[in-house]
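K.L.:
Coordinates only, no sequence provided:
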């Protein structure tokens, strides 16, 4: 199986980021017992394992599988592990990083795995034979969605930093540039173009996985191109990886067991942005979810009372819990109960959801819904005296053909110089004429250099509506989206 | 070159690194916790430059009296091995171990798996 070099390089770069995150989470969870860090370790390793198999790095896949055993033991012990164990986890992560960076070399993969196995066995773990179980929650729980909270809080500060930088001159501008860039990189929206090719990158290896499992699978990708944030792209990537692997492993039957259905199972991956959200559906025409078995396993794991019964939606929620699997033995493909938790976790982190519909004998459809920010804003660009960057007004404002006549507004029309409104001294470097705008409630004149022209602006730093503006880019040049009603003095 | 390094402080006897230039043996003694890692990394770097300059064939790292090695120190060892791998002309590293010390039983053989042509373990 030959994958394009670009995809392998993407995997390598992302895998090294994952390893760094796992190392940080490992250090964090050992000192704080933070539940979120613990789950992040499991999700990242499981994702790394799945991705490595998909790109054909089977050595990485093997070591990841053994590392999962170590992490399972650590979690079960509340991360109270000895130095030898800690070193084994560290070494495994370094070994994986080395394999990813330099696949060539005189590595002894079997020898390394054997060393990890000896640590696993000394710590009383049967490895593959362990029962899959839902581990108890750790003692503390990290605050969720801290990144989103911080981003929201820092947005207005980033806008201020941009305004200061963009209006400064000389050495002061150089100093402020680094502050602005730091904030921009931290809180700014990172955009990506989602294409069918991006999510279909695993297609060749899905066939290989199916063959390994003695199955025949056809995968169809129907994805509309969309501009999304990198967080959304990453969440969709994780969803496709785990849901397709699950469909191959759990959903699609072997040809002999498919009865009247055609021998090759069909997996369809559909996705498109609509009504402020991205909807991804992964469907298979396999055997469907065996809800009786899910229910029995939930009872066995004491997630349900013996006489308990739940509807399908509730059982699907149980299936997504970390550690839940109907398998009692973990294979190198699945059975640890991590995949669905990883999909749901990454969706929930972005304010999204994961749901499923399944009919026995007919198949299953998993649906991921992710809210997507409006990335592109279309409105009139203004050249404002003394401000040498693109400015657009908030889309709630529209241009009037002419100055409103007395009596058309409740009070006398106001006009503003945007530079003065933002706290700077205006200059007469360009001749300004007044153009009149309204948002339905207010009508103001804005001093403009030339007639406003319509442009597409991309949002870079978003802020709450109470803030005076946002940072946008117009043809890659950074500028401001201004909410005139938030400029001091415009509203009494 | 003769190096006698006490880390993290001269009056802290917890960890000592001695290098015998003639026998090309680096002896690590005591307990190297994570605070030791930066100094240990610098020592490995200095040794690496010295060994390359002298076209040495091998260095022995004697860990028989090393009771503990922190994870950050292990990362420094891995970085040393990775650095060596990139070179056309290189020396080998022999790790002298003490199997009665628990952490050494798996960590040192596992280290040799990073590059069996470069790293060997002697018990």
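P.N.:
That came through, no problem. In this text, all values refer to a predicted model and were calculated from it rather than measured experimentally.

K.L.:
Grab the most central residue of chain B for me.
P.N.:
residue B:61 (4.9 Å; Cα atoms, centre = their mean).

K.L.:
Wait, it touches residue B:96, no?
P.N.:
Yes. At 6.8 Å, residue B:61 and residue B:96 qualify as touching, with contact defined as Cβ atoms under 8 Å. The way it works is simple: take the backbone N, C-alpha and C, and place the C-beta from them, glycine included.

K.L.:
remind me, longest strand of chain B?
P.N.:
Longest strand of chain B, by residue count under DSSP state E: strand B:58-69.

K.L.:
what sits up against it?
P.N.:
By Cβ atoms under 8 Å, 6 or more residues apart in numbering or on different chains, the residues outside strand B:58-69 that reach it are A:83, A:87, B:23-33, B:47, B:51, B:91-98, B:101, B:103-104, B:107-108, B:122.

K.L.:
and the longest helix anywhere in chain B, what's its mean pLDDT?
P.N.:
Secondary structure of chain B per DSSP state H: the longest helix is helix B:37-53. Throughout helix B:37-53, pLDDT has a mean value of 89.

K.L.:
Which elements pack onto that helix?
P.N.:
Applying 3 or more Cβ pairs under 8 Å, 6 or more residues apart in numbering or on different chains; DSSP states H and E, we find helix B:37-53 packed against strand B:3-6, strand B:15-20, strand B:25-32, helix B:71-85.

K.L.:
Okay, residue B:35 and residue A:444: tell me how far apart.
P.N.:
Distance of residue B:35 to residue A:444, given as Cβ to Cβ, to the nearest Å: 61 Å.

K.L.:
can you check residue A:80 too?
P.N.:
Distance from residue A:80 to residue A:444, by Cβ to Cβ: 64 Å.

K.L.:
of the two, who's got more company?
P.N.:
residue A:444 (25 against 9; other Cβ atoms under 10 Å in any protein chain shown).

K.L.:
surely that one meets residue A:434?
P.N.:
No. Taking Cβ under 8 Å as the definition, residue A:444 is not a contact partner of residue A:434, at 9.4 Å.

K.L.:
ok, the nearest residue to residue A:7 once chain neighbours are set aside - contacts?
P.N.:
Once flanking residues are discounted, residue A:7 sits nearest to residue A:201: 4.8 Å by Cβ to Cβ, 6 or more residues apart in numbering or on different chains. Neighbouring residues of residue A:201 by Cβ under 8 Å, 6+ apart: A:3-4, A:7, A:10.

K.L.:
Just read off the phi/psi values of residue A:201.
P.N.:
phi -60, psi -20 (degrees, to the nearest 10).

K.L.:
which residues sit in contact with residue 105?
P.N.:
All of this is about chain A. A:98, B:85, B:114-115.

K.L.:
Not quite, go with chain B.
P.N.:
Applying Cβ under 8 Å, 6+ apart, we find residue B:105 in contact with A:84, A:118, B:99.

K.L.:
thinking the last one is in contact with residue B:123, fair?
P.N.:
In this case it means residue B:99. Yes. With contact defined as Cβ under 8 Å, residue B:99 reaches residue B:123; the gap is 5.4 Å.

K.L.:
Tell me where the model's unsure across the chain.
P.N.:
This is for chain A. Flagging of chain A using pLDDT under 70 yields the residue ranges A:1-2, A:124-149, A:308, A:327-337, A:406-413, A:426-430, A:491-492.

K.L.:
Chain B is the one I meant
P.N.:
Looking at chain B by pLDDT under 70, you get B:1-14.

K.L.:
Recalculate using a threshold of 90.
P.N.:
B:1-23, B:29-43, B:46, B:50, B:66-72, B:85-90, B:99-103, B:105-106, B:123 (pLDDT under 90).

K.L.:
and it, which residues reach chain A?
P.N.:
With Cβ under 8 Å from any Cβ of the partner chain as the criterion, chain B meets chain A at residues B:68-69, B:71, B:74-75, B:78, B:82, B:85, B:102-103, B:105-107, B:109-118.

K.L.:
Name only those of those residues that count as buried.
P.N.:
B:68-69, B:71, B:74-75, B:78, B:82, B:85, B:103, B:105-107, B:109-115, B:118 (16 or more other Cβ atoms under 10 Å in any protein chain shown).

K.L.:
so what's the closest residue to residue A:42 other than its chain neighbours up against?
P.N.:
In this structure, residue A:42 finds its nearest non-sequential neighbour in residue A:338, 5.3 Å apart by Cβ to Cβ, 6+ apart. Contacts for residue A:338 (Cβ under 8 Å, 6+ apart) come out as A:42-43, A:46, A:68, A:322-323.

K.L.:
what's near enough to touch residue 45?
P.N.:
If you meant another chain, say so; for now it's chain A. Contacts of residue A:45 by Cβ under 8 Å, 6+ apart are A:22, A:64, A:67-68, A:71.

K.L.:
you looked at the wrong chain, it should be chain B
P.N.:
Residue B:45 neighbours (Cβ under 8 Å, 6+ apart): none.

K.L.:
Against chain A, how distant is it?
P.N.:
18 Å (Cβ to the nearest Cβ, to the nearest Å).

K.L.:
With residue B:31 instead?
P.N.:
10 Å.

K.L.:
Do I have it right that that residue meets residue B:73?
P.N.:
No. Counting by Cβ under 8 Å, no contact exists between residue B:31 and residue B:73, whose distance comes to 10.2 Å.

K.L.:
Looking at the two, which is more packed in?
P.N.:
Legend: neighbour count by other Cβ under 10 Å for residue B:31 and residue B:73, higher for residue B:73 (27 against 14).

K.L.:
Touching, that one and residue B:34? I think so.
P.N.:
Yes. Using Cβ under 8 Å, residue B:73 is in contact with residue B:34, at 7.0 Å.

K.L.:
Tell me what residue A:447 is bridged to.
P.N.:
Using DSSP bridges, the bridge partners assigned to residue A:447 are residue A:434.

K.L.:
tally of neighbours for it?
P.N.:
Residue A:447 has 23 neighbours, counted by other Cβ under 10 Å.

K.L.:
List the residues that contact it.
P.N.:
Per Cβ under 8 Å, 6+ apart, neighbours of residue A:447: A:384-385, A:415-418, A:426, A:432-434.

K.L.:
a markdown table please, covering these and showing secondary structure, neighbour count and distance to residue A:376.
P.N.:
Output for the contacts of residue A:447, formatted as a markdown table (DSSP: H, G, I helix; E, B strand; the rest coil; neighbours: other Cβ atoms under 10 Å in any protein chain shown; distance: Cβ to Cβ, whole Å):
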| residue | secondary structure | neighbour count | distance to residue A:376 |
| --- | --- | --- | --- |
| A:384 | strand | 25 | 22 |
| A:385 | coil | 20 | 27 |
| A:415 | strand | 12 | 29 |
| A:416 | strand | 19 | 26 |
| A:417 | coil | 21 | 28 |
| A:418 | helix | 24 | 22 |
| A:426 | coil | 16 | 30 |
| A:432 | coil | 18 | 28 |
| A:433 | strand | 11 | 28 |
| A:434 | strand | 14 | 28 |
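
K.L.:
Distance to residue A:479 added to those residues, as CSV?
P.N.:
As requested, those are exported to CSV (distance: Cβ to Cβ, whole Å):
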residue, distance to residue A:479
A:384, 10
A:385, 15
A:415, 21
A:416, 17
A:417, 17
A:418, 12
A:426, 18
A:432, 18
A:433, 20
A:434, 21
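
K.L.:
Looks to me like residue B:120 is in a strand.
P.N.:
Yes. Assigned with DSSP: H, G, I helix; E, B strand; the rest coil, residue B:120 falls within a strand.

K.L.:
The longest helix seen in chain A - contacts with which helices or strands?
P.N.:
Determined from DSSP H, the single longest helix within chain A is helix A:5-32. Secondary-structure packing of helix A:5-32 (3+ Cβ pairs under 8 Å, 6+ apart): helix A:35-54, helix A:83-101.
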